[in-house]
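S.K.: Kindly return the folded structure for what I paste below:
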Amino acid sequence: MTPAVTRTNTLDWLMQVFYTTFKLFQKNGLQNQAAATAFYFLLSTTPLLLLLSYAMQWLAHLAETFVPATMLLAALYDQLHLDVLTSMGFIPKRAQLAAGGVGLLTLLLSSRGLVNAVQGAFRVIFPDEIKRRFLINWTLPLIIIPVGLLLMGLTAVAQVALNFFSSVDLIGSGQTWLLKGLNLAFSLLITWTLVFLAYWRMPHPRPPAGLSAKVALLSSISLFVLFATFNFFFKLEKYQSVYGALGGVVFILIGAYFACLLFYLGAQYLFALTKADVSALEKLFVGNVSSPENRVESYVFGRSNRLLDKYGQTFAPGETLIREGEQSQTSFLLFEGRVGIYKDGNGDRKKLGELKQGELFGEMAYLLNEARTATVKAETQVTALVLPPELLEELMRYSAPLSRHIIDTLCQRLERMNQATQQKT
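M.R.: Here you go, the predicted model:
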């Protein structure tokens, strides 16, 4: 292929992936999934803040005799605005033991709800019929939440310490920028790790690891841009002045909602990437029996050059595409030309019928898991899309209209073959 053709095919592929992502995102109602996840995240932050108050009290006690603890405590208050959160009542000044026990129980229940919300969204994005066991559903939060919090805690501590050291000129300005860059890279690495594990391990079946890693990187960068933009345009103090004591809750909820939207959008994009050919083939199949939904869809999926370059094959007049009795299970979509169907019997070959442009054939051997029941030869110059059996199976799983179309085609073909057989006899 020439570079111009390659660029055109790449552009078609990108448009089809983006269009499929957008349509599925709307169809799956991921806005509601993001809202549910953000709600459970907000429930989880309450006991987490309670646990944070325990940590701050312990650190304050340690700071009385340990200078680094004093510096870290000051940095935490400065960078995380803990004094503001304390004054607003989000962090209690004195956490009692009983409240701590209730907080741990609340954290367990809300964390399970958070994990279940993410799992439910992924079952919608990646159609999944596998049901996890009851024990696994309850133990996953005990594993995922502590690991995630530990990684994010390490990132926060490193960022707080570096920002504090640089602000008091304990290190040179050049080294300060270097350390800030390293800290940003470390934060991005931690975020990418968490997103990658979610994108790669949660779907069934699992997408390729390399593709999951690339989409996770794109999603992680998008989250960093989101938080930078959010911190620039939105301030906690503004929400507090507008909504009063609930301002902090609204602030956290809105930020978590948009973060969940980006996270699920990345997951939907990953699914669309794995189904790019399937989605384009579905439109090609169904488009032969019904018009496209709208002009945008017609424009996005109107060109078939990419599919022809990948799956297309040309056959000369008289060339055999399928031979009766062979064990192959490849299917064909007749893109251009005309083929004839022949049946051997009693030492001669009878022509049962013809297939024209837009018809699918050869799928019966795969669906019935039997040898070829007829011979198919090119009557004219033929261009066909050659589809392996696993791709046909994926097509039928992905598209209910296509499955119905294949069943209708099989019924019509069997009826024509029966009529032709009766006429011959």
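
S.K.: just the CA coordinates of stretch 259-273, formatted as CSV?
M.R.: The C-alpha coordinates for stretch 259-273 follow below in CSV (Å, rounded to 0.1, in the frame of the first residue of the first chain):
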residue,chain,number,x,y,z
ALA,A,259,-12.7,11.6,37.0
CYS,A,260,-15.0,8.5,36.8
LEU,A,261,-16.3,9.7,33.5
LEU,A,262,-12.8,9.9,32.0
PHE,A,263,-11.9,6.5,33.6
TYR,A,264,-15.0,4.8,32.0
LEU,A,265,-14.5,6.6,28.7
GLY,A,266,-11.0,5.2,28.5
ALA,A,267,-12.4,1.7,29.2
GLN,A,268,-15.0,2.2,26.5
TYR,A,269,-12.3,3.3,24.1
LEU,A,270,-10.3,0.2,24.9
PHE,A,271,-13.3,-2.0,24.1
ALA,A,272,-13.9,-0.1,20.8
LEU,A,273,-10.3,-0.6,19.9
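
S.K.: what does that stretch contact?
M.R.: Identification of contacts with stretch 259-273 by Cβ atoms under 8 Å, 6 or more residues apart in numbering yields 17-18, 20-21, 24-25, 28, 30-31, 33-35, 37-38, 41, 121-122, 125-126, 195, 198-199, 203, 207, 211-212, 215-216, 218-219, 222-223, 226-227, 279. Using the backbone N, CA and C atoms, a C-beta is placed for each residue, glycine as well.

S.K.: Now, of the residues you listed, which are buried?
M.R.: By neighbour count, with 16 or more other Cβ atoms under 10 Å, the contacts of stretch 259-273 hold 17, 20-21, 24-25, 28, 30, 33-35, 37-38, 41, 121-122, 125-126, 195, 198-199, 203, 207, 212, 215-216, 218-219, 222-223, 279 as buried.

S.K.: Now, the contacts of stretch 259-273 that are in helices?
M.R.: Using DSSP state H to define helices, the subset of the contacts of stretch 259-273 located there is 17-18, 20-21, 24-25, 30-31, 33-35, 37-38, 41, 121-122, 125, 195, 198-199, 211-212, 215-216, 218-219, 222-223, 226-227, 279.

S.K.: The stretch 251-400 of the chain: strands as residue ranges?
M.R.: All strands of the stretch 251-400 of the chain, identified by DSSP state E, counting those that start in this stretch, fall at 312-315, 320-322, 331-336, 339-345, 348-355, 360-361, 375-378, 382-387.

S.K.: model confidence over the shortest one, on average?
M.R.: In this model, strand 360-361 has an average pLDDT of 86.

S.K.: try the second one
M.R.: Here the mean pLDDT over strand 320-322 is 91, rounded to a whole number.

S.K.: Quick check: the gap between residue 194 and residue 334.
M.R.: According to Cβ to Cβ, to the nearest Å, residue 194 and residue 334 sit 48 Å apart.

S.K.: Same drill for the two, tell me which one is more crowded.
M.R.: Using other Cβ atoms under 10 Å as the criterion, residue 194 and residue 334 rank with residue 334 on top: 23 against 18.

S.K.: for that one, what are its contacts?
M.R.: 355, 356, 357, 358, 359, 360, 361, 382, 384.

S.K.: hang on, the earlier thing: JSON lines please, covering the strands of the stretch 251-400 of the chain and showing distance to residue 403.
M.R.: As requested, those are exported to JSON lines (distance: least, Cβ to Cβ, whole Å):
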{"stretch": "strand 312-315", "distance to residue 403": "23"}
{"stretch": "strand 320-322", "distance to residue 403": "22"}
{"stretch": "strand 331-336", "distance to residue 403": "13"}
{"stretch": "strand 339-345", "distance to residue 403": "23"}
{"stretch": "strand 348-355", "distance to residue 403": "20"}
{"stretch": "strand 360-361", "distance to residue 403": "12"}
{"stretch": "strand 375-378", "distance to residue 403": "22"}
{"stretch": "strand 382-387", "distance to residue 403": "14"}
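
S.K.: rank those by pLDDT, which is bottom?
M.R.: Looking at those, the bottom one is strand 348-355 with a mean of 82.

S.K.: so what secondary structure elements neighbour it?
M.R.: Here strand 348-355 touches strand 339-345, helix 400-424, going by 3 or more Cβ pairs under 8 Å, 6 or more residues apart in numbering; DSSP states H and E.
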